[in-house]
Structures are given as structure tokens and as C-alpha cells.
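Student: Below are the sequence and a predicted model; questions follow.
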Amino acid sequence: MPDFGICENNECELSYRRNAIDNLFERVAVVEDRERRHADITDMFPLLRHFEPFFQFSAACEKCGTLLCRVTQPTANLKADSEEYNRRSRLNKVLQTGYKLQAWDALPYSK
């Protein structure tokens, strides 16, 4: 089980559904591009750490109290254009991004 979780509450400012997370994906893409070119990526870490509050190390969200999601969810049997498919896909993408941040030491393994 992962050591961090993400909030699924649409109303919460730390929800993985917030548009601010899109900026995280963009920054991660820049880091991945730099990595492919064997360039230094450490100067990007402060920009990635801005998103650390979205990845929480407790059972419930510190802002709203909703239980955190810690595991990816299957999408195989869902219609690709369905709301549930889109929800799960985004959730999975955020969780996978958290693993990348930890691999880069841009997100701690515990608090």
C-alpha cells in the first residue's frame, strides 16, 4: 500500500480534481523531458514541492476529513468516454505522479 493518499472530495481545496493539479502534470512533463536529455532536474524540485499538500500521509484529508484514496483503480471495463472512467483515470494519474515525485525525492516517503 502506498504511504500517501489523495483527497477525492470535489469541494476540498486539496482534491485531485482541482485544476491546479494540471500544472503538476505539466511540470512533471518538463522534468521527464530534462531527464531524457540527461540534464539536471534538481532545480525543478522546488516547483514540484508546491504540490506536496495534495499528497497526504494520514488516513483522512487534513482539510475536509474525507478518507484518502491510496490505490489505483481499474478502468478496463469502463467506457472510455464515461465520467467514471475519466474520474478513475485522473485519480490513477495523480497517484502515479506521486510515485514519480518520490522517486525524484521531490516528495517524502512519510511525514
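Tutor: Yes, it's here. What you see is a predicted model; the values in this text were computed from it and never measured. Numbering: from 1, shown residues only.

Student: tell me which strands and helices the helix or strand bottoming out on mean pLDDT in the chain is in contact with?
Tutor: The helix or strand of the chain with the lowest confidence, counting by mean pLDDT, DSSP states H and E, is helix 45-49 at a mean of 90. The contact analysis (3 or more CB pairs under 8 Å, 6 or more residues apart in numbering; DSSP states H and E) places helix 45-49 against helix 20-36. No exception for glycine: its C-beta is placed from N, CA and C like everyone else's.

Student: can you give me how far the helix it packs on is from the chain middle?
Tutor: Its chain's average C-alpha position is 12 Å from that of helix 20-36, according to CA atoms, centre = their mean, to the nearest Å.

Student: If we go by neighbour counts, what in that helix is buried?
Tutor: 21, 24, 27, 28, 31 (16 or more other CB atoms under 10 Å).

Student: mean confidence score for it?
Tutor: Averaging pLDDT along helix 20-36 gives 95.

Student: Residues touching that helix, excluding its own?
Tutor: 40-41, 44, 47-48, 51, 54, 90, 93-94, 97, 100-101, 104 (CB atoms under 8 Å, 6 or more residues apart in numbering).

Student: Please identify which helix or strand holds the residue most central in space within the chain.
Tutor: Centrality entry for the chain: nearest residue to the mean C-alpha point is residue 94, 2.9 Å, by CA atoms, centre = their mean. Under the criterion of DSSP states H and E, residue 94 resides in helix 83-103.

Student: List the buried residues of that helix.
Tutor: Buried residues in helix 83-103, counted by 16+ other CB under 10 Å: 87, 88, 91, 92, 93, 94, 95, 97, 98, 101, 102.

Student: again with stretch 62-73
Tutor: Neighbour counts over stretch 62-73 (16+ other CB under 10 Å) mark 66, 68, 69, 72 as buried.

Student: Tell me the gap between it and the middle of its chain.
Tutor: Chain-centre distance of stretch 62-73: 12 Å, with CA atoms, centre = their mean.

Student: Many thanks, we can stop here.
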